[in-house]
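# Quick one, fold the following:
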Amino acid sequence: MVALITTAVNPKAMWPGVKHWFGKDYDEYQTQWTDLFEQQTSDKSYEEVMESVGFGLAVVKPQGSPTQYDADQQGSTFRFTHVAYSLGFIVSIEEQRDNLYADVAKRRAPDLAFSMRQTKENIAANVYNRAFNTSYLTGDGKALSVTDHPSMVGSQSNTLTTAADMSEASLEDLIIQINQAQDSRGRVVMMKGQTLHIPPQLEFEAYRILKSVQQNDTANNAINALRATGALPGGCKVNQFFSDPDAWFIRTDRRWSMLHFQRDALEFRDDGDHDTMNQKYAAYERYSVGSGDFRGLYASPGA
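Down below sits the predicted model:
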């Protein structure tokens, strides 16, 4: 069913006397999805990020024996299929001419833009919200954050072995895990945690943990090692679109991992219908978000 804005939709707008129209004048948070993903562009219907598995470790060569040879090979394929998002509204010619409140009509286009921005925030945050959900699999056939990502040397993990609420100790444990990361051949790779991403419910606890000079919530005369070592140089990012009040995430400095591909930038169009004389307004955008390497995000769903 096509929604049509007629004089019956906003009858009060046809009569004088309304002091203020509210509901479309709320402030909004600054863009948050850009903190969650590395931005890329695309000119195709989809993009693929391919894992290239390198060589293994060297082996002992006995005297007179030939050298053993290895081969690099293709690993997991992560496909980013771009999705189009669109929304619009139609206004009858009578509503346009009879509406006495210009600010009501003028707010419709900005409100449409607001809806498109909110859509993107939700789509982006859902990659994190579904990180532990086995109904949403990545290119290696596993959920984004699990203990058993497949590799040529066995399972690899980007989550705590035992799920834990965010605390000084659990943050340190996950950062240690990041610092011990390996590639798919078991070679140790240099990777560091960059930013902590949390829902609003954990904001104050996160700042107590990260900003305390001494060890948090103890009587010990010990420094706050997380702060002293600069373990998370990008700081803490609160995301209002995270749905789990206990889940927390650490983005690493791994490139080509948490990715956003912009296929078509946000655009607005308007057009008149000759038969009805209605005026149509529409917004359109196409993009994809996801993970190309699980090592770009380490997380815990909370206890």
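
# ranges for the strands of the chain?
Listed in chain order, the strands of the chain (DSSP state E) span 4-5, 38-41, 46-53, 73-81, 83-91, 193-198, 236-238, 248-252, 258-272, 279-291, 297-300.

# Quick one: the ones you listed as a markdown table, columns for mean neighbour count too.
C-betas here are computed from N, CA, C, even on glycine. Listed next are those as a markdown table, based on neighbours: other Cβ atoms under 10 Å:
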| stretch | mean neighbour count |
| --- | --- |
| strand 4-5 | 18 |
| strand 38-41 | 14 |
| strand 46-53 | 15 |
| strand 73-81 | 16 |
| strand 83-91 | 15 |
| strand 193-198 | 21 |
| strand 236-238 | 17 |
| strand 248-252 | 25 |
| strand 258-272 | 16 |
| strand 279-291 | 19 |
| strand 297-300 | 24 |
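
# so which of these gets nearest Arg187?
With Cβ to Cβ as the measure, strand 46-53 is the member of the strands of the chain nearest Arg187 (10.4 Å).

# and the closest one, how far from the chain's centre?
19 Å (Cα atoms, centre = their mean, to the nearest Å).

# what's next to that strand, contact-wise?
40, 72-82, 139, 152, 183-185, 256, 259, 261, 288, 292-293 (Cβ atoms under 8 Å, 6 or more residues apart in numbering).

# now swap in stretch 61-76 and tell me
50-56, 59, 139-141, 150, 184.

# want to throw the residues you listed into CSV with distance to Asn133?
Shown next, in CSV, are the contacts of stretch 61-76 (distance: Cβ to Cβ, whole Å):
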residue, distance to Asn133
Met50, 24
Glu51, 22
Ser52, 28
Val53, 27
Gly54, 31
Phe55, 35
Gly56, 33
Val59, 40
Gly139, 16
Asp140, 15
Gly141, 14
Pro150, 18
Ser184, 24
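
# Which of these sits closest to Leu112?
For the contacts of stretch 61-76, the nearest to Leu112 is Gly139 (34.3 Å; Cβ to Cβ).

# ok, now which ones touch the closest one?
Val49, Glu51, Ser76, Thr77, Phe78, Arg79, Ser291, Gly292.

# how near is the fourth one to Val9?
Just to be clear, that refers to Thr77. 48 Å (Cβ to Cβ, to the nearest Å).

# same deal with Thr161?
For Thr161 relative to Val9 (Cβ to Cβ), the value is 56 Å.

# And those two? Which one has more around it.
A count of neighbours by other Cβ atoms under 10 Å puts Val9 above the other of Thr161 and Val9, at 12 against 9.

# From Leu202, how far off is Arg208?
Distance from Arg208 to Leu202, by Cβ to Cβ: 10 Å.

# ok, now Gly290?
24 Å.

# Same check on Ile93?
Counting by Cβ to Cβ, the gap from Ile93 to Leu202 is 51 Å.

# what about the two, which has more around it?
Between Ile93 and Leu202, Leu202 has the larger neighbour count (other Cβ under 10 Å), namely 22 against 14.

# my read: that one touches Leu171, true?
No. Contact criterion Cβ atoms under 8 Å: Leu202 and Leu171 do not qualify, at 11.1 Å.

# Do a quick rundown of the helices in the stretch 101-250 of the chain.
102-106, 108-129, 168-179, 203-211, 225-228 (DSSP state H, counting those that start in this stretch).

# Let's have those in JSON lines, adding mean pLDDT.
As requested, the helices of the stretch 101-250 of the chain are arranged in JSON lines below (pLDDT from 0 to 100):
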{"stretch": "helix 102-106", "mean pLDDT": "65"}
{"stretch": "helix 108-129", "mean pLDDT": "94"}
{"stretch": "helix 168-179", "mean pLDDT": "96"}
{"stretch": "helix 203-211", "mean pLDDT": "94"}
{"stretch": "helix 225-228", "mean pLDDT": "92"}
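
# which stretch among the ones you listed comes nearest Pro301?
It's helix 108-129; of the helices of the stretch 101-250 of the chain, that one is closest to Pro301 (Cβ to Cβ) at 10.4 Å.
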